[in-house]
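J.: Turn this into a model:
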Amino acid sequence: ILQQLDISTDKLDLLNIESYDVTIIFGMPYPKSKMRKNMPSLSEIPHTVKPDLDNLIKFVLDAGNGILWSDDKKIIKLVCKKMYVNEPKTIISIE
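T.: Residues are numbered from 1 along each chain as shown. Model (predicted):
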């Protein structure tokens, strides 16, 4: 189940966990040549253009230090993917 987390008001104490399993889904915008309103997900079509997945991951892991996790060195499992979506977003799941 995916859920939006409001870090400023949520009472979760994520910083005191020993280790983290993290899943990140990068919802990337459709190419302008394929833009259509309410187009179905193109998750079957690989997002093989910039930005590179490793750069996206590095940005999220570094930005999450001290906010989502105490330090990204405590992440012991990481699953990530890029996919096309109607509304671009980044979804982070922490276990």
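J.: So which residue is dead centre in this protein?
T.: Computing the C-alpha centroid of the chain and ranking residues by CA atoms, centre = their mean puts Ile24 first, at 3.3 Å.
J.: how far is stretch 70-85 from where the chain is centred?
T.: On the basis of CA atoms, centre = their mean, to the nearest Å, stretch 70-85 sits 7 Å off its chain's mean C-alpha point.
J.: Tell me which residues of that stretch come out buried.
T.: 70, 72, 75, 80, 82, 84-85 (16 or more other CB atoms under 10 Å). Any C-beta I mention is one placed from the backbone N, CA and C, and that applies to glycine too.
J.: And for stretch 46-63?
T.: Going by 16+ other CB under 10 Å, stretch 46-63 has these buried residues: 47, 56-57, 60-61.
J.: got JSON lines for the residues you listed, with distance to Ser19 too?
T.: Output for those, formatted as JSON lines (distance: CB to CB, whole Å):
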{"residue": "His47", "distance to Ser19": "29"}
{"residue": "Leu56", "distance to Ser19": "22"}
{"residue": "Ile57", "distance to Ser19": "18"}
{"residue": "Val60", "distance to Ser19": "17"}
{"residue": "Leu61", "distance to Ser19": "14"}
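J.: can you tell me which of these lies nearest to Ile17?
T.: The closest of the buried residues of stretch 46-63 to Ile17 turns out to be Leu61 (CB to CB; 15.2 Å).
J.: does the closest one belong to a helix or a strand, and which?
T.: Leu61 belongs to helix 53-64 when assigned by DSSP states H and E.
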